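Engineer: take a look and give me a structure for this.
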Amino acid sequence: MQSISLGFILIIFLFIGMTFGFNRALASIPFLFFIFVLVWFFGWFVMAFWPLILIIVLINYLSNKNNPKTTKRRTYYYKFDRTEDFDEFFRKAEQQSGGYSYGGSTGGNPFGYAEDKTKYYKVLGVNPNATKEEIKKAYRELVKQHHPDKFTNAPEEERAYHEKRIKEINEAYDKLSKDFS
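Structural biologist: Here you go, the predicted model:
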């Protein structure tokens, strides 16, 4: 049993040496010695009962094959599909804190945070180089399409969609019209 455990440890040592370098393999010698003692001491048990151990491992594998692995810990988080809203929330919170910074960086901008408005251009369906008149025209067209008064007799789901859409349109127009005033 001693020669088997010594051969096993030697193979592990060579694998570590070729994979991670022999300096790390030398640093792992105390751990490998501990493994050697365990294999040597408990090796008779494994050698005597290996068919039983193999059957137990196979049964366990086959019984848990289709079950997803679960963790005992609970995770409490909210999944955001739109990271822009998540970033916007924290930017607004930072502005409401009185402008004090508790660490972090402004990305090398000495004047503070510059808001990314690409999502607002997407909401209005205009080019980021659009003029004030083009933005205003796109805003009016979208308001005509999604105004809640047009959908008073529509199903609740459709009304909710258009109300949400009109809020996005109004927010986008407010943010983009500030650039021109």
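Engineer: just give me how far the longest helix anywhere in the chain sits from the chain centre.
Structural biologist: The helix that spans the most residues within the chain, counting by DSSP state H, is helix 29-63. From the chain centre to the centre of helix 29-63 is a distance of 38 Å (C-alpha atoms, centre = their mean, to the nearest Å).
Engineer: tell me where the model's unsure across the protein.
Structural biologist: Scanning the chain for pLDDT under 70 picks out 1-2, 65-87, 91, 93-114, 181.
Engineer: strands of that one, start to end?
Structural biologist: All residues of the chain lie outside strands when identified by DSSP state E.
Engineer: what ranges do the helices span in it?
Structural biologist: Going by DSSP H, the chain shows helices at 2-20, 22-27, 29-63, 83-96, 118-124, 132-146, 156-177.
Engineer: buried deepest among those, which one?
Structural biologist: helix 118-124 (a mean of 17; mean count of other C-beta atoms under 10 Å). C-beta: built from backbone N, CA, C; applies to glycine.
Engineer: for that one, which outside residues touch it?
Structural biologist: With C-beta atoms under 8 Å, 6 or more residues apart in numbering as the test, helix 118-124 has contacts from 84, 127-128, 130, 135, 138-139, 142, 168-169, 171-173, 175-176.
Engineer: ok, 6 Å please
Structural biologist: Residues outside helix 118-124 that contact it (C-beta atoms under 6 Å, 6 or more residues apart in numbering): 84, 128, 138, 168, 172, 175-176.
Engineer: equivalent analysis for stretch 152-167, please.
Structural biologist: Residues outside stretch 152-167 that contact it (C-beta under 6 Å, 6+ apart) are 146, 148, 151.
Engineer: 7 Å instead?
Structural biologist: Stretch 152-167 is touched from outside by 143, 146-148, 151, with contacts defined as C-beta atoms under 7 Å, 6 or more residues apart in numbering.
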